[in-house]
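A.B. asks: After the sequence you'll find the predicted model.
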Amino acid sequence: MTKRDHVPLTAIWPGRPYPLGATWDGHGVNFALFSRHAEGVELCLFDDKGRHERQRIRLRERTNDVWHCYLPEARPGMAYGYRVHGRYKPEEGHRFNPHKLLLDPYAKDLIGELRWSDALYGYSVGSKRQDLSFDRRDSAAFMPKGRVLETAFTWSDDRRPEVPWQDMVIYEMHVRGFSKLHPDIPEHLRGTYGALATGPAIEHLKRLGVTTIELLPVHAYLNDRHLADKGLQNYWGYNTLGYFAPEVRYSASAKVKEFKTMVKALHAAGFEVILDVVYNHTCEGNHLGPTLSMRGVDNASYYIANAAQPRYYDDFTGCGNTVNLEHPRALQLVMDSLRYWAEEMHVDGFRFDLASALAREAGKVENLGGFFDAIRQDPTLNRVKLIAEPWDLGHGGYQVGNFPPGWAEWNDRYRDGMRGWWKGDEGVAGEVAKRLAGSQDLYGWSGKGPHASINFVTAHDGFTLQDLVSYNQKHNEANGEDNRDGHDNNLSWNCGAEGPTGDPAIKALRERQKRNLLATLLLSQGVPMLLAGDERGHSQRGNNNAYCQDNELTWLDWTPSPEGDALQAFVAQLIRTRRQHPSFRRRSFFRGEPSAESVSKDVVWLRPDGEEMAPADWGPHVRCLGMLFSGTGLIDVGPRGEPQQDNDFLLLLNAYHEPLPFVLPTSGHHWTRLIDTAHETEASAEVAERSCLLQDRSLALLRRKLGTP
């Protein structure tokens, strides 16, 4: 025991209402907690391990609804929580219960783990009156505690890579799953932030050629009770408990600075770090959920209550509650959290889960509302990367193409179009052409460029690429919900057998289909996003909702294999091609007409006979398509304003089940085949013939030089 564990703190100063949270200033600690409707607040101090309460301090200072004090004898490492007094009137939207220890919504570090108990609920679990009853059991023994953080860290010359949007290749990664089975990473680091700072992890990312690492949620979160009861673990992390503290399960050292060290190492290697963030809801769930933090601090301010029945929440997220960003203090919480991660943790941007929920005002999505205004005017946040998942589960929540300037969006229209095309669906050729060209129909009207579209074929939610070509149906039995969970419409095709097979023809077709999807993704206009593991053929055995599988089903398998090694080399080749040629990274949309420097249209869509497609040619039976784009038709300029030129490229896509000849455009220059998904590897080969034979279900990229290197 330390001296601080035995001797109560006697000096209690008024302190300040700002900043919120527990702030060490080098001399003492300021504590500040917002609660508009509280009638009293107690600060509870614990021993350094957070197990035993040592002292309670009643906060007597209240300024603009912020309760505060300053403890000159307090030091970093001190564990603490709050008890908040007030009315327990769920029918009026108030759920104060001082018997429940509450986590500071601004806690920057946590000590201890949540252990599920009925004592965590503000009401008596099992009561006939449900949440209208009142529970008097103390929850402190079951709660994690906040811990005062010393934020000092030596960043040295750390700099943001600031990769231009058009140059980005995003790699969506789970911290734990990426490295848990990696044989070359020290065992004690596997599955942690520290693992991503090691040579083997960074070398893989550099060999692949990606630019931007997007981490699945790393904010502190808890395991759902229904999962814990079944022996499962919330793996994805979309169940936030605290918006400032890094999830401690991913830390080998249990120290916040490990996260900072990871960011510093990735920056030094040239990689951006983007966080997947969940500000739309919290882990406290619906009206029958536990009282852990914001519900007990000020339920009526932090969550959107149903106007007619405040006992219940308006749930636009499918998770029981929605954070009320119409309230200035809830909005401040989100903005403070974002700034903290950008300024103190040096992250480069954010991907917002169910972002439409953040834009709701009076229940409606307002795309020029307060949340967007707050970000746009913020001197820190208007300079970081902002990516929306542009939908939620409420009425009017689907907002693809409607987010304001400065935002990019996950484009599920791209995902579905490309999946349908390579699956062999009819009637999708027009959709595929729009997505290949950067989705101008979705983003051009608002003045955005192609980089507003985050293109993806797979993501953490849904089938992996291997499973997309191996299963017709989901196989989620391991989740314990009788295979009822997860999407039913996956636009997948098993190529002739459900799941693993020894049939060499089916296996070869699956490998080709993976190459087709990856090549399409990485040669499209817009920002491509890869799912970690797809480059090596990672399978989740048909589970398309593996949110609760923290095991070898989701951990990446790094065992060398001919197929995995070949696929990884193919992905690296595609990314190199993209990086070397500005034709695939245009900042402006195609115009369908010649530029001032060119007599050729910047893009031409071709039939297999080599003729330009007319409107009548875009029929439902089109299964083969050519996209010719001119290197002299670039209207973009380089970083110093210099004109850009490139080679001409011809992208040929044959989704038909038989080989097809494709007549090549002629100009006196021969075409060189750079990529052909009909083969595992393809060296550059000159195509001297008048036509190119496209194998069934294959993609080819051809180049011709027109006086440029």
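C.D. replies: Nice, I can see it.

A.B. asks: The stretch 1-150 of the chain: helices as residue ranges?
C.D. replies: Ranges of helices in the stretch 1-150 of the chain, per DSSP state H, counting those that start in this stretch, are 3-6.

A.B. asks: so where's it uncertain?
C.D. replies: 1-6 (pLDDT under 70).

A.B. asks: what are the ranges of the strands in the stretch 251-400 of the chain?
C.D. replies: Assigned by DSSP state E, counting those that start in this stretch, the stretch 251-400 of the chain shows strands spanning 272-277, 349-352, 360-361, 364-365, 385-388.

A.B. asks: Tabulate those strands (a markdown table), appending mean neighbour count, mean pLDDT and distance to Trp422.
C.D. replies: Glycine gets a C-beta too; all of them are placed from N, C-alpha and C. Below are the strands of the stretch 251-400 of the chain laid out as a markdown table (neighbours: other C-beta atoms under 10 Å; pLDDT from 0 to 100; distance: least, C-beta to C-beta, whole Å):
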| stretch | mean neighbour count | mean pLDDT | distance to Trp422 |
| --- | --- | --- | --- |
| strand 272-277 | 23 | 98 | 27 |
| strand 349-352 | 25 | 98 | 25 |
| strand 360-361 | 18 | 92 | 36 |
| strand 364-365 | 18 | 89 | 32 |
| strand 385-388 | 24 | 98 | 25 |
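
A.B. asks: out of the ones you listed, nearest to Arg576?
C.D. replies: Between Arg576 and those, the tightest spacing by C-beta to C-beta is seen for strand 272-277, at 18.8 Å.

A.B. asks: And for that closest one, what's in contact with it?
C.D. replies: 160-163, 168, 170, 172, 211-219, 243, 262-263, 266-267, 337-338, 341, 346-353, 385, 387 (C-beta atoms under 8 Å, 6 or more residues apart in numbering).

A.B. asks: Could you find the residue nearest the spatial middle of this structure?
C.D. replies: Note on the chain: the residue nearest the mean C-alpha position is Asp276, at 3.5 Å, using C-alpha atoms, centre = their mean.

A.B. asks: beta partners for that one?
C.D. replies: Arg351 (DSSP bridges).

A.B. asks: swap in Arg704?
C.D. replies: Asp648.

A.B. asks: and it, how far is that from Asp646?
C.D. replies: 11 Å (C-beta to C-beta, to the nearest Å).

A.B. asks: Tell me which residues touch the spatially closest residue to Ala254 that is not a sequence neighbour, please.
C.D. replies: Nearest residue to Ala254 in three dimensions, chain neighbours excluded: Val248, at 5.8 Å (C-beta to C-beta, 6 or more residues apart in numbering). By C-beta under 8 Å, 6+ apart, the residues touching Val248 are Leu110, Ala220, Ala254.

A.B. asks: In which helix or strand does Leu530 reside?
C.D. replies: Taking DSSP states H and E as the criterion, Leu530 maps to strand 527-531.

A.B. asks: er, Gln473 actually
C.D. replies: Judged by DSSP H and E, Gln473 forms part of no helix or strand.

A.B. asks: pLDDT at it, what is it?
C.D. replies: We have a pLDDT of 98 for Gln473.

A.B. asks: What residues does it make contact with?
C.D. replies: Asp488, Asn490, Glu498, Gly542.

A.B. asks: Report the contact partners of the last one.
C.D. replies: With contacts defined as C-beta under 8 Å, 6+ apart, Gly542 is in contact with Phe463, Asp467, Ser470, Tyr471, Gln473, Lys474, His475, Asn476, Glu498, Gly499.

A.B. asks: I figured the third one was touching Asn494, is that so?
C.D. replies: This points to Ser470. Yes: with contacts counted by C-beta atoms under 8 Å, Ser470 reaches Asn494, the gap being 5.5 Å.

A.B. asks: So which of those two has more stuff around it?
C.D. replies: Shown here are Ser470 and Asn494; by other C-beta atoms under 10 Å, Ser470 has more neighbours (27 against 19).

A.B. asks: how much space is there between the residue nearest to Arg51 when sequence neighbours are not counted and Ala245?
C.D. replies: Once flanking residues are discounted, Arg51 sits nearest to Gly112: 7.4 Å by C-beta to C-beta, 6+ apart. Distance of Gly112 to Ala245, given as C-beta to C-beta: 12 Å.

A.B. asks: So those two - more neighbours on which side?
C.D. replies: A count of neighbours by other C-beta under 10 Å puts Ala245 above the other of Gly112 and Ala245, at 25 against 17.

A.B. asks: Where does the more buried one sit, in terms of helix or strand?
C.D. replies: With DSSP H and E as criterion, Ala245 is part of strand 240-246.

A.B. asks: what are the pairing partners of that strand, and which direction each?
C.D. replies: Assessed with DSSP bridges, strand 240-246 is paired to strand 219-221 (antiparallel).

A.B. asks: So which bits of the next helix or strand after the strand it pairs with are buried?
C.D. replies: Following strand 219-221 in sequence order, the next helix or strand is helix 225-229 (DSSP H and E). Neighbour-count burial for helix 225-229, counted by 16 or more other C-beta atoms under 10 Å, picks out Arg225, Leu227.

A.B. asks: State the mean pLDDT of helix 225-229.
C.D. replies: 96.

A.B. asks: Kindly report the same for stretch 482-492.
C.D. replies: 96.

A.B. asks: now do the same end-to-end measure for that stretch.
C.D. replies: 21 Å (C-alpha to C-alpha, to the nearest Å).

A.B. asks: Quick check: closest non-adjacent residue to Trp155.
C.D. replies: Lys264 (6.4 Å).

A.B. asks: cool, Asp348 as well?
C.D. replies: Glu272 (4.1 Å).

A.B. asks: do Leu103 as well
C.D. replies: Ser293 (4.4 Å).

A.B. asks: Report how many residues lie close to that neighbour.
C.D. replies: Ser293 has 26 nearby residues by other C-beta under 10 Å.

A.B. asks: ok, the contacts of Val248 vs His657, which is closest?
C.D. replies: When these are compared against His657 (criterion: C-beta to C-beta), the nearest one is Ala220, at 50.2 Å.

A.B. asks: Please report how far that closest one lies from Leu292.
C.D. replies: Separation of Ala220 from Leu292 (C-beta to C-beta) stands at 11 Å.

A.B. asks: likewise Glu593?
C.D. replies: Where Leu292 is concerned, Glu593 sits at a distance of 59 Å (C-beta to C-beta).

A.B. asks: quick one, which of the two is more surrounded?
C.D. replies: More neighbours surround Leu292 than the other of Glu593 and Leu292, with 27 against 11 (other C-beta under 10 Å).

A.B. asks: got the contact list for the more buried one?
C.D. replies: Lys100, Leu102, Leu103, Leu114, Leu120, Met143, Leu222, Leu241, Cys283, Glu284.

A.B. asks: same thing but at 7 Å, please
C.D. replies: Leu102, Leu103, Leu120, Leu241, Cys283, Glu284 (C-beta atoms under 7 Å, 6 or more residues apart in numbering).

A.B. asks: export those residues to TSV and tack on neighbour count and distance to Phe31?
C.D. replies: What follows is the contacts of Leu292, written out as TSV (neighbours: other C-beta atoms under 10 Å; distance: C-beta to C-beta, whole Å):
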residue	neighbour count	distance to Phe31
Leu102	27	13
Leu103	24	13
Leu120	22	23
Leu241	22	19
Cys283	26	23
Glu284	27	22
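
A.B. asks: Among the residues you listed, which pair sits farthest apart?
C.D. replies: Leu102 and Cys283, at 13.2 Å, using C-beta to C-beta across the contacts of Leu292.
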